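Visitor: Could you look at this predicted model? Sequence included:
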Amino acid sequence: MLIDPSRFAEVFDWITEDARECAAPSVVLFVAPNADAMCACRMICSLLRARDVLYRITPAASYEALQEGWASTVEGNPDIRSVLLVNCGAVVDLVGFLGTREDDDDESPLSLPEHVNVFVLDSHRPYDTSNIENESHIFLLGPETIEELEREALSGSDGEGDA
């Protein structure tokens, strides 16, 4: 689901309220190894510390590292409530990429843990449409509204400017 920029403070309140239910770190940040992600991570961590929210930072140097970090940090951990993907994750189907099957058979659908919400702050475009359409666990936070993304798609622009 794409979150309108005017609702970012509401989303942060939601993250911090969920975190108050746990005594252990309940927020995980997966951070790409670039300057933008590092700066964003530092700002987010300052905000979390100001609200006494326990968090964990995990590097995500590649999508393979993201999968491994997810498996070791999030899967099977009932304390994790919020996962922030900082400058990674928007261009892949996150449920298909990080999800697990409830049953051991190959017929059951992939899903994310019910208690985990994934917040994606990623400058890479285009967003994977399955992330935009996911109404339950995946929230894309970006400067665009859905109308702006539709205009970009129609114009063929990738949102990256011609610098």
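Guide: Yep, that arrived.

Visitor: all helices of the chain, in order?
Guide: In the chain, the helices defined using DSSP state H lie at 8-19, 35-50, 63-73, 94-98, 129-133, 146-155.

Visitor: now for those helices, which one comes closest to residue 115?
Guide: Minimum separation from residue 115 across these (Cβ to Cβ) falls at helix 8-19, 8.8 Å. (Glycine included, C-beta is placed from N, CA and C.)

Visitor: Go through that closest one and flag the buried ones.
Guide: 11-12, 14-16, 18-19 (16 or more other Cβ atoms under 10 Å).

Visitor: quick one: low-confidence parts of the chain?
Guide: Where the chain drops to pLDDT under 70, the residues are 102-108, 145-146, 149-150, 152-153, 156-163.

Visitor: can you do 80?
Guide: Along the chain, segments meeting pLDDT under 80 span 101-110, 143-163.

Visitor: highest average neighbour count across the helices of the chain?
Guide: Of these, the one with the most neighbours on average (mean count of other Cβ atoms under 10 Å) is helix 94-98, at a mean of 20.

Visitor: distance between it and the chain's centre?
Guide: The chain centroid and the centroid of helix 94-98 are separated by 11 Å under Cα atoms, centre = their mean, to the nearest Å.

Visitor: Please export the C-alpha coordinates of it as PDB.
Guide: The C-alpha trace of helix 94-98 is given here as PDB (Å, rounded to 0.1, in the frame of the first residue of the first chain):
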ATOM      1  CA  LEU A  94       8.300  -8.600  -1.000                       C
ATOM      2  CA  VAL A  95       5.700 -11.300  -0.100                       C
ATOM      3  CA  GLY A  96       7.100 -13.500  -2.800                       C
ATOM      4  CA  PHE A  97      10.700 -12.700  -1.900                       C
ATOM      5  CA  LEU A  98      10.500 -12.800   1.900                       C
END
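
Visitor: what residues does that helix touch?
Guide: 63, 66-67, 70, 74, 85, 110-112, 118, 120, 128, 130-131, 134, 137-138 (Cβ atoms under 8 Å, 6 or more residues apart in numbering).

Visitor: same thing but 6 Å
Guide: The contact list for helix 94-98 (Cβ atoms under 6 Å, 6 or more residues apart in numbering) reads 70, 110, 112, 131, 138.

Visitor: Perfect, that will be all.
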